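K.L.:
Below are the sequence and a predicted model; questions follow.
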2 protein chains.
Amino acid sequence: MSLNTPPPDRLSLTLNALADPTRRAILARLSLGETTVNELAEPFEMSLPAVSKHLKVLERAGLISRTRTAQWRPCKLEPEPLKEVDMWLRDYRKMWEQRLDRLEAYLKELQAKDTPVQSAKPKDDKDGDIK
Amino acid sequence: MSLNTPPPDRLSLTLNALADPTRRAILARLSLGETTVNELAEPFEMSLPAVSKHLKVLERAGLISRTRTAQWRPCKLEPEPLKEVDMWLRDYRKMWEQRLDRLEAYLKELQAKDTPVQSAKPKDDKDGDIK
DNA sequence: GGTTTATTTAACTGTTTAGTTAATCACGAG
DNA sequence: CTCGTGATTAACTAAACAGTTAAATAAACC
């Protein structure tokens, strides 16, 4: 019953476009250089219109741009939205690094202590405030 | 007519889970520390079951894990899949850096030339319809 | 037992998506 | 102008999605 269309923010648009193996494969191909729709479609077992739709999704997300040369519409990768994803990710990046650090510390502690029975109980590490 | 279910690769699962502002907000909240479903749901204008479904999507992607304490099921952020996204992104990262370098070089060139009136016509980059 | 609180599942609905085939548009070459 | 090629649009279908309300589960409290 959602009457109002939810505002399709750019990041969601981008991530949604990336959440498909075909589309990611297309991007991978485009990272090697511009090419045409037919050539892009060639490796896939799907019709040309299907690929065309995927391209439209990528275009709407700003991940590719198209020029027009005669009857060809060569596609070009536009990395800007990927950069945005990267920036979004940045805040979380320290999280897994930290977690890795903690694991390291834990393992080191284990080694150092020669770890008797219960000393290593990770009692509620409760990293409540990772941030 | 797709008879065979396409194999839901992990990266697609993750990106799809991230491609929703509500779910990203949930992750952001969880980055501050574990919490319960009710507390997670509180800021949103949607029913509890809806949030519950979002959590299931996040869980299926491995982005959160849940323990069980009495009648609460506290959720915890699991950054591992984000790390995978980061790794996927890595190959493209140099692409926008490179592009930035190129822009820098261009600007530098402009400055060097002391650029009289029309010399700066951006005839080159010509991605006319960025849209 | 019965009630309250936290959360999930069931059943349903409207919307979006991913694909299909067939038709159409856009262009260059004869 | 007509033909062939590259690519998109149209019309359709099946499945997945995001939300709803109502019912069910699970545990604590009395």
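P.N.:
That came in fine, so what should we check first? On a predicted model such as this, the values are computed, not experimentally measured, just so you know.
K.L.:
Could I get the buried residue list for the worst-scoring helix or strand of chain A on mean pLDDT?
P.N.:
Within chain A, no helix or strand scores below helix A:80-113, which has a mean of 83 by mean pLDDT, DSSP states H and E. Neighbour-count burial for helix A:80-113 flags A:81, A:82, A:83, A:85, A:86, A:88, A:89, A:92, A:95, A:96, A:99 (criterion: 16 or more other CB atoms under 10 Å in any protein chain shown). Yep, even glycine has a C-beta here, placed from its N, CA and C like the rest.
K.L.:
Those residues of chain A touching DNA strand D, which are they?
P.N.:
A:1-2, A:6, A:36-39, A:48-49, A:51-53, A:55-56, A:66, A:71-74 (CB under 7 Å from any atom of the strand).
K.L.:
do that again at 6 Å, thanks
P.N.:
Within chain A, the residues that sit near DNA strand D (CB under 6 Å from any atom of the strand) are A:1, A:2, A:36, A:37, A:38, A:48, A:49, A:52, A:55, A:71, A:72, A:73.
K.L.:
Throw together a PyMOL command that grabs the buried residues out of the residues you listed.
P.N.:
Entered in PyMOL, the line below selects the buried ones among the residues of chain A next to DNA strand D, by 16+ other CB under 10 Å:
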select buried, chain A and resi 37+55
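K.L.:
Strands of chain A, start to end?
P.N.:
Along chain A, counting by DSSP state E, strands occupy A:64-66, A:75-77.
K.L.:
Mean neighbour count and mean pLDDT for these - can I get that in a markdown table?
P.N.:
Compiled in a markdown table, the strands of chain A are given as follows (neighbours: other CB atoms under 10 Å in any protein chain shown; pLDDT from 0 to 100):
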| stretch | mean neighbour count | mean pLDDT |
| --- | --- | --- |
| strand A:64-66 | 20 | 96 |
| strand A:75-77 | 20 | 95 |
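K.L.:
Figure out which of those strands is closest to chain B.
P.N.:
The closest of the strands of chain A to chain B is strand A:64-66. By CB to the nearest CB, the value is 5.7 Å.
K.L.:
and that closest one with DNA strand C, contact?
P.N.:
No - judged by CB under 6 Å from any atom of the strand, strand A:64-66 stays clear of DNA strand C, getting no closer than 12.5 Å.
K.L.:
which helices and strands sit right next to that strand?
P.N.:
helix A:21-30, helix A:48-60, strand A:75-77 (3 or more CB pairs under 8 Å, 6 or more residues apart in numbering or on different chains; DSSP states H and E).
K.L.:
coming back round to it: now the strands of chain A in a markdown table, with distance to residue B:17?
P.N.:
Formatted as a markdown table, these follow (distance: least, CB to CB, whole Å):
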| stretch | distance to residue B:17 |
| --- | --- |
| strand A:64-66 | 23 |
| strand A:75-77 | 24 |
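K.L.:
What does residue A:32 show for phi and psi?
P.N.:
Main-chain dihedrals, residue A:32, degrees, to the nearest 10: phi -90, psi -10.
K.L.:
in stretch A:31-42, what's buried?
P.N.:
Under 16+ other CB under 10 Å, the buried positions of stretch A:31-42 are A:35, A:37, A:40, A:41.
K.L.:
before we move on, back to that, can you redo the helices and strands packed on strand A:64-66 as JSON lines with distance to residue B:16?
P.N.:
Converted to JSON lines, the helices and strands packed on strand A:64-66 look like this (distance: least, CB to CB, whole Å):
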{"stretch": "helix A:21-30", "distance to residue B:16": "11"}
{"stretch": "helix A:48-60", "distance to residue B:16": "13"}
{"stretch": "strand A:75-77", "distance to residue B:16": "21"}
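K.L.:
winner for burial among the ones you listed?
P.N.:
strand A:75-77 (a mean of 20; mean count of other CB atoms under 10 Å in any protein chain shown).
K.L.:
about what we covered before: pick out the most distant pair among the buried residues of helix A:80-113.
P.N.:
Comparing all pairs in the buried residues of helix A:80-113 by CB to CB, the longest separation belongs to A:81 and A:99, at 27.5 Å.
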